[in-house]
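A.B. asks: Just need the structure, nothing else, for what follows:
(chains A, B, C and D)
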There are 4 protein chains.
Amino acid sequence: MIKVGIVGGTGYTGVELLRLLAQHPMVELAAITSRGEAGTAVADMFPSLRGRVSLKFSDPREAPLDRCDVVFFATPNGVAMQQAATLLAAGARIIDLAADFRIKDVALWEKWYGMKHAAPDLVAAAVYGLPEVNREAIKSARLVANPGCYPTATQLGFLPLVASGCVDTDHLIADVKSGVSGAGRKAETHIMFAEASDNFKAYGVPGHRHLPEIRQGLALAAGRDVGLTFVPHLTPIIRGIHATLYARLTKEVDFQALFERHYTQEPFVDVLPANSHPETRSVRAANTCRMAVHRPQGGDTLVVLSVIDNLVKGAAGQAVQNMNLMFGCEECSGLTQIPLLP
Amino acid sequence: MIKVGIVGGTGYTGVELLRLLAQHPMVELAAITSRGEAGTAVADMFPSLRGRVSLKFSDPREAPLDRCDVVFFATPNGVAMQQAATLLAAGARIIDLAADFRIKDVALWEKWYGMKHAAPDLVAAAVYGLPEVNREAIKSARLVANPGCYPTATQLGFLPLVASGCVDTDHLIADVKSGVSGAGRKAETHIMFAEASDNFKAYGVPGHRHLPEIRQGLALAAGRDVGLTFVPHLTPIIRGIHATLYARLTKEVDFQALFERHYTQEPFVDVLPANSHPETRSVRAANTCRMAVHRPQGGDTLVVLSVIDNLVKGAAGQAVQNMNLMFGCEECSGLTQIPLLP
Amino acid sequence: MIKVGIVGGTGYTGVELLRLLAQHPMVELAAITSRGEAGTAVADMFPSLRGRVSLKFSDPREAPLDRCDVVFFATPNGVAMQQAATLLAAGARIIDLAADFRIKDVALWEKWYGMKHAAPDLVAAAVYGLPEVNREAIKSARLVANPGCYPTATQLGFLPLVASGCVDTDHLIADVKSGVSGAGRKAETHIMFAEASDNFKAYGVPGHRHLPEIRQGLALAAGRDVGLTFVPHLTPIIRGIHATLYARLTKEVDFQALFERHYTQEPFVDVLPANSHPETRSVRAANTCRMAVHRPQGGDTLVVLSVIDNLVKGAAGQAVQNMNLMFGCEECSGLTQIPLLP
Amino acid sequence: MIKVGIVGGTGYTGVELLRLLAQHPMVELAAITSRGEAGTAVADMFPSLRGRVSLKFSDPREAPLDRCDVVFFATPNGVAMQQAATLLAAGARIIDLAADFRIKDVALWEKWYGMKHAAPDLVAAAVYGLPEVNREAIKSARLVANPGCYPTATQLGFLPLVASGCVDTDHLIADVKSGVSGAGRKAETHIMFAEASDNFKAYGVPGHRHLPEIRQGLALAAGRDVGLTFVPHLTPIIRGIHATLYARLTKEVDFQALFERHYTQEPFVDVLPANSHPETRSVRAANTCRMAVHRPQGGDTLVVLSVIDNLVKGAAGQAVQNMNLMFGCEECSGLTQIPLLP
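C.D. replies: So this is what the prediction gives:
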C-alpha cells in the first residue's frame, strides 16, 4: 500500500483527491493537514465522505508527512516550495498541484506569481506531470509539478498540431472556458452564486498565469518559442473546461488521422470521430480528455475542441495518474469512474 | 456473472443503469433495447460511456432478453406489464423501474395511471423493492417493483415515525423538491433549460401519481390508512430530491435516537447528527439516503429532512441494490461510488 | 421631486433600489453612502447602471442625508437604529430595509438578533411597511420598517385564511424556498456558485429570525398568538421566493373566492385562477406577489402557493411602494416593470 | 399611436416583443397570431403578462394584420417571405425577426436555409436592420430584416476594426457563446435543463447559418470579401451572447480611441474603459451592447469582447429600435429598461 499524505485538504482539489484516493485499491490515507481545521473530521466538512473517510484534519506541524510515501500539496501557490526540500530529504515523494514547480524559468515564474521562489534548485529537478508528454520521466520522479487545468486542456489539444509542425506556431489562439470550481473554494464576491450564475464573461485577457505554462509546454513540443493568445472565460458550470483552439495550417495533412495516431496509446485521451463536438459533461468526474478536430468550411484555420473535468484530469485525477506512474501501479488504477451524465 | 438485459435504455434511468452496471463486478451486460435507436451504439448516444460500454441498442423483438438472468425495465409506465409474463415464464427475473407493479390495488392504479392493467395477477406476486422494508422478500422475488423517487425519499423519512406510532398519521405533510432529471429525457417545454432554470415552482398539487404509492407504503407501516398531503416541486438542479416532511407528534420519544436505531443496520441510509441539514449534493451519484430529524422551537411539529439522488437511490441504484439481493451478491456491490462534491 | 438618500448601497437591495429609483419619475437621487467604497462611481461597481446613475458612493459622515426627504437604509441589521433619531430630527423620513424596527417586542428582537436595541422608543413609532395591511398608517409614517422577504411572501399567503378565522392557527406550516440573492452580497462559502449550484437544502430549521416577524404579523391578523413551523430552504435561483403554506381548515368556505375578495383592490397581489401553480420567474424583476390556493384531494389541509421576487416585493420594490404611499405619489409609480420571462 | 401586429407570438422573441411593446408609450397592440393557440389569452400562456396584456392569440387568417401600421414576424424562417408581399401591398410595414430577408445573395440564402425563397424580389428591397450601420435607410424602409443575435454581437464588435482597415480581414475569428434561449422555445432534447445545465459545448463548427450573414455585413464594411472562422457555443445561461473576437492587426492605431470614436453617437453601444471585461448580465433585459478591446501582452492579435442580450439587442429590442426609426419616434422610446443585476 502507498502511504499518502495531503497538505491543504479543505479546497476543491483536496476533497477531490480524497474522493479518488479513498477508492484507490493501493492507497492508505495517512494524513491530511489544515491549519484552520485541525481536529475537525474531514467528513464533517464534506458530508459526501461520511462513512468513507475517517481521517481528521491535523495540524501541519504535527502530521506524520515525512513518513508518507508520497505527499500531495493541494495548497495555494508558494506553500510547497517551502516544505518540499525537507520532505524529499525524509524520503517522501511529492506531487504539487499548485504552480510552484511548473515553470522552469524561475525569473519568469517570479514575475507572474509575484513572489521570490524559495527553492529554485528544485524547479530544475521537478518533472512536469503531463503523462502524455513525460510518462517515462514521471516514473522515476521524486517531485512532480502537476499541470494547471487550462494548460492540460490546451496543451493536449494543441500538441498533435504543434509537434507535427503543420501549423503556424507564432499565432496560436486558445479561447478557453472554465467552470467556477476552477477558482477554488475561497469565498470571493465574483464567484458567488448570485454573481456567477446566469452570467458569462471573459477575465484576465491582458495576462493570466497559465499563459507562460502553456507556452513552455508548446515550445518544448515545437522546438522553438511559440506565440499564443490565451483568453480565459468563466461559465456557470461547476466542473469542466472547454478549450476552443485555433491554428492556421501551414501544411496539408489528414488532421483526424494525425490526432488519432498521436493519442492511440493514451488511456485518458479520447479523440472523437470527425465532426464531433465534445461536451464538458461527457467527462464530468472522470480523468478523461475528449477532443475533436475541425477544419470549418475547408479553410486554412483549424479548430480543436478539448474538454476535461478541471478537478480530475485538470488537477486531482492527473495527480493520481502521476502517483500511479511513480509507484508502478496500473496507470488507470483508481481512475476508472464513468463520467456522470446527466 | 449475472446476465443482464435492459429494456428501454435511452432515458435517464437507462443510462444511469448502464453507468452502474458497467462498473459492477458480477454483471455481464447482454442486451439493451430501444425501438427507435436499434443499431445505434450506446456510446454514440451517451459519449460518457465511450470505451466502457460496447453494446448497441437492439430491436426489442430481436433482443435475447429471455436468455437473461434479469431484465430491467427502464420504460414508460405500461410497458413492463405487457412483457413480464413471457419473460418470467422463460426464467428471467424482472426489475421494473416504472410504476406498473407498485400499487397493490389494481383499481386504484388504473385510476391514477389512466389505463387498464394488463397483468393484474402479477401485481400480487410482485415485491415492492424498498430494501429497508422488504429485504427478505426481495431476495426471493422474481418480479420487483422498484419504488418511485419521491416515494423512496418520503417513505424512508417518515417510516421511523409512522412505524413507532408516535405521530398523527392522519395529517402527514410531504413538501418535496425534485431535480429536473426526475421528469425524464423526453423533450417537453416546461423542462427546457430556458423554462426551468432560474425558476422554482410547485406542480401537481391537486394530485400526483406518487401519492397513492407513498400512502400504501406508510399505511403498511402504520397498520392503518394514513392521511397525506403531498406537494411536489421542481427545483433547478439536475439530480436530487429533498423531502421536507412534517408530522405532529402524539407521543414523546427521543426522535434522534429513534431514527438512528431504526436505520442502524442499513448500508444506504445515513442519519445525520442532531441539528443537521442534509443537502442534495451530499448524495449526488451515490445510492445513499441522508436524513435529519428536527423539532423546531421544541414544539409539537416534527420536521424530517431526507435527500436522495433521484436517479440512484430513487431509481437505478436501488434497482441494482435489489438485483444484488435477488442474486445473492454483496448488497453494496457496484454501489460504492463516493458522492460527487462539488 | 422627492430627494432620496441611500445608506449602504453596495449590496443587492442597494443596487436594486438604484435600478428602481433611477427609473422613478418623481425621484431625485441625492446621495448614496458606503464606507468602503467612498469615491467610487456607482456605475463602476455595477456596470448595469452605466449611463443611468452618475452618483458616486460618498462617505456616510459627509453625505447630505439630513437634507433628503427620505433615506433608505440598505444596511446590515443594527445600523439604522443608530442613525434614525438624528435623521428624523432633521426632518427626513426613513425606510429601513433591515430588521431594526420590524419587531414590536424589543426583548424578543434582542433575543433573535443578538444585540441591544439602540432606539427602542422608535420601535413603537415605526410602521410595519406591508401596504396590504398597513396602507393608511404608512401614508403618514415617518419611519417605516420594510418587511423581510420571507415574511412578505408568507404573510400575504396566509392572511386571507388567518384573518377570516377559517383555519387552525396553532399549527401553521410555512415551507419556503429562497433564491441565493436573499443571502446578500457578502462573500461566504455556502453561497458560492460551486457550493449552491446544482444543490438544494434546508437551513435554519431550529430557528430563523424571520419566524418572530411572521408570527407577529399573523397574530395581529388572527387577534391571538399563532403557532408556526417555518422551514427556509436555499434553491439555486438568483431571485425569487416560493412559499408553500399549509393550514388545516376549521370552517368550510369558498377559498378561491375568499382569496380573490381579500386582494381585489391590491395592485401588487395577483390571485391566480383555481388549480394554478405560480412560478418564481412569473414575478422576476417585478413588485408583484402571485398566489394560488389549493385543497388537495378535497381533504382538510389547504395549500397556498405564494411567489415574490425577494429583491423587489421582498425588499426594494416594497420600499419604493412605501415611499410612494408616504409622499402621496401614485402607489405604482416607478413599479410598472413587466416581469422578465424567460 | 402605432398600431402593431405580431405574427407568431408563442416563442421567446414573441413574448419579449410583448414585454417591450406593452410598455412602449406610442404603441397599440392590435393583434397577435398563433395557429396553435388561437383563442388562448396571451397572459394564460405567459403569466408574466397578467394584467398587462389583454390580447388573445388569434388565427392568422382572421387577424386584422393588414390594418396594422407595422407587423413583426416572430416566426420560424420561411414564414415571412410567404406573407410579406400582401401585407406590404395593404400598406403595413414589416419587421422580420427571422432570416428571410437578411442575405442579399438569394442563392446563398437558399443553400444555407435549405429552401426555395418565395419572394426574392423583396430581398433586394429589404433593409438590414442594424441601426449602427443602416440608420438612415431604416427610417424610410418598408421591410426590415432584423439581424440575428450572433451577427449583432459579432458585427458590432468587429466593425470599428474592419471599417478602419487596420486588421487582416482574411482571417477573422469569432468565438461566440450563447445562452440557451437563443435556441428558441421549441422542445428539443439538447436544450432541456438536464442536458444543457452544468454543461458547456461548441456546436455547428463545420458551418452555422449566421456565418454568411456576418460575412456579408463585414464585407460591406471592408469593401471586400472577408474570411471568418465562426464557432458558436452553448453556455448554461438563459439570456446573453458573449462574442470573443480575434483579429491580427496590420496597422498601429489607438484601438481604444478607435472604438470610442466609432460609437460615440450610438445610444445602445457602450465601449467600456480599457482593460474591462463586459459580462452578459450587465445587459440582461436591456437593448445595450457593451464591448471592450484588448491587445494582450502587446502582441499583434487584438481581442474584442462584445456582449448583448440575445432576446433584446439580438432580437426584439433591436426590432423595436428599428420600429422607432421607421415611425419617427425617439430611438430609445420603450427601450430604457435598466439591466437586471443580479
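A.B. asks: Just give the nearest non-adjacent residue to residue A:155, would you?
C.D. replies: Using Cβ to Cβ, 6 or more residues apart in numbering or on different chains and skipping residues adjacent in sequence, the residue nearest residue A:155 is residue A:217, 4.6 Å away. Quick note: C-beta positions are derived from backbone N, CA and C, even for glycine.
A.B. asks: contacting residues for the one you found?
C.D. replies: For residue A:217, the contacting residues are A:128, A:130, A:133, A:147, A:151, A:155, A:159, by Cβ atoms under 8 Å, 6 or more residues apart in numbering or on different chains.
A.B. asks: at 10 Å what do you get?
C.D. replies: Residue A:217 is in contact with A:102, A:128, A:130, A:133-134, A:147, A:151-152, A:154-156, A:158-159, A:162, A:226, counting by Cβ atoms under 10 Å, 6 or more residues apart in numbering or on different chains.
A.B. asks: Equivalent analysis for residue A:312, please.
C.D. replies: Counted by Cβ under 10 Å, 6+ apart, residue A:312 has contacts A:13, A:16, A:19-20, A:149, A:239-240, A:268, A:283-289, A:318-321, A:335, A:337, A:339.
A.B. asks: can you tell me which of these are in helices?
C.D. replies: A:13, A:16, A:19-20, A:149, A:318-321 (DSSP state H).
A.B. asks: Which helix or which strand is home to residue A:276?
C.D. replies: Element membership for residue A:276, per DSSP states H and E: none, as it lies in no helix or strand.
A.B. asks: Neighbours of it, how many?
C.D. replies: 19 (other Cβ atoms under 10 Å in any protein chain shown).
A.B. asks: again, but for residue A:143
C.D. replies: 23.
A.B. asks: picking that back up, please read off the pLDDT at the residue nearest to residue A:155 from the model.
C.D. replies: pLDDT recorded at residue A:217 is 98.
A.B. asks: Dump the helix or strand encompassing it to PDB, keeping only the CA atoms.
C.D. replies: Under the criterion of DSSP H and E, residue A:217 resides in helix A:210-222. Extracted as PDB, the C-alpha positions of helix A:210-222 are listed here (Å, rounded to 0.1, in the frame of the first residue of the first chain):
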ATOM      1  CA  HIS A 210      -1.300  29.900 -17.200                       C
ATOM      2  CA  LEU A 211      -0.100  31.600 -20.300                       C
ATOM      3  CA  PRO A 212       3.700  31.000 -19.600                       C
ATOM      4  CA  GLU A 213       3.000  27.500 -18.600                       C
ATOM      5  CA  ILE A 214       1.200  26.700 -21.800                       C
ATOM      6  CA  ARG A 215       3.800  28.400 -23.900                       C
ATOM      7  CA  GLN A 216       6.600  26.500 -22.200                       C
ATOM      8  CA  GLY A 217       4.900  23.200 -22.900                       C
ATOM      9  CA  LEU A 218       4.100  24.000 -26.500                       C
ATOM     10  CA  ALA A 219       7.600  25.500 -27.100                       C
ATOM     11  CA  LEU A 220       9.100  22.200 -26.000                       C
ATOM     12  CA  ALA A 221       6.900  20.300 -28.500                       C
ATOM     13  CA  ALA A 222       7.600  22.800 -31.300                       C
END
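A.B. asks: any idea how far it is from the chain center?
C.D. replies: 14 Å (Cα atoms, centre = their mean, to the nearest Å).
A.B. asks: for stretch A:302-310, same thing?
C.D. replies: On Cα atoms, centre = their mean, the centre of stretch A:302-310 falls 14 Å from that of its chain.
A.B. asks: quick one: that stretch near chain C?
C.D. replies: No - judged by Cβ under 10 Å from any Cβ of the partner chain, stretch A:302-310 makes no contact with chain C; its nearest approach is 10.7 Å.
A.B. asks: Could you do stretch A:56-76 as well?
C.D. replies: No - counting by Cβ under 10 Å from any Cβ, chain C has no neighbours in stretch A:56-76; the shortest distance is 15.4 Å.
A.B. asks: roughly how far out does that stretch sit from the chain middle?
C.D. replies: 20 Å.
A.B. asks: Same question for stretch A:55-75.
C.D. replies: 21 Å.
A.B. asks: Enumerate the positions of it that are buried.
C.D. replies: By neighbour count on 16 or more other Cβ atoms under 10 Å in any protein chain shown, the buried set for stretch A:55-75 is A:55-58, A:60, A:63, A:65, A:68-75.
A.B. asks: Strands - which of these land there?
C.D. replies: Judged by DSSP state E, the subset of the buried residues of stretch A:55-75 located in strands is A:57-58, A:70-73.
A.B. asks: For the strand or helix carrying residue A:173, output the C-alpha coordinates as PDB.
C.D. replies: Using DSSP H and E, residue A:173 maps to strand A:172-178. Presented in PDB, the C-alpha positions along strand A:172-178 are these (Å, rounded to 0.1, in the frame of the first residue of the first chain):
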ATOM      1  CA  LEU A 172      -2.000  30.200 -31.800                       C
ATOM      2  CA  ILE A 173      -5.200  31.200 -30.100                       C
ATOM      3  CA  ALA A 174      -6.800  29.500 -27.100                       C
ATOM      4  CA  ASP A 175     -10.300  30.600 -26.200                       C
ATOM      5  CA  VAL A 176     -10.900  28.600 -23.000                       C
ATOM      6  CA  LYS A 177     -14.000  28.400 -20.800                       C
ATOM      7  CA  SER A 178     -13.800  27.200 -17.200                       C
END
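A.B. asks: strand partners of it, parallel vs antiparallel please.
C.D. replies: strand A:228-234 (parallel), strand A:241-248 (antiparallel) (DSSP bridges).
A.B. asks: wait, which of those strands is closest to residue C:38?
C.D. replies: strand A:228-234 (28.8 Å; Cβ to Cβ).
A.B. asks: quick one: the closest one to helix A:210-222, angle?
C.D. replies: 140 degrees (axes from the mean of the first three to the mean of the last three Cα atoms, to 10 degrees).
A.B. asks: give the contact list for residue A:243.
C.D. replies: Per Cβ under 10 Å, 6+ apart, neighbours of residue A:243: A:150-158, A:174-178, A:214, A:230, A:232, A:289, A:291, A:304-308.
A.B. asks: Quick check: it vs chain B, distance?
C.D. replies: Distance from residue A:243 to chain B, counting by Cβ to the nearest Cβ, to the nearest Å: 17 Å.
A.B. asks: Please name the bridge partners of that residue.
C.D. replies: residue A:176, residue A:306.
A.B. asks: I'd like to know how far the closest residue to chain D within the stretch 1-150 of chain A sits from chain C.
C.D. replies: When scored by Cβ to the nearest Cβ, the stretch 1-150 of chain A has residue A:112 as its residue closest to chain D, at 11.7 Å. Note on residue A:112: its distance to chain C, by Cβ to the nearest Cβ, is 25 Å.
A.B. asks: Which residue, other than its chain neighbours, is closest to that residue?
C.D. replies: residue A:209 (4.9 Å).
A.B. asks: returning to that earlier point: the strands paired with strand A:172-178: which one's closest to residue C:257?
C.D. replies: Using Cβ to Cβ, the nearest of those to residue C:257 is strand A:228-234, at 50.3 Å.
A.B. asks: In the stretch 101-250 of chain A, what residue lies closest to chain D?
C.D. replies: For the stretch 101-250 of chain A, Cβ to the nearest Cβ, closest residue to chain D: residue A:201, 3.7 Å.
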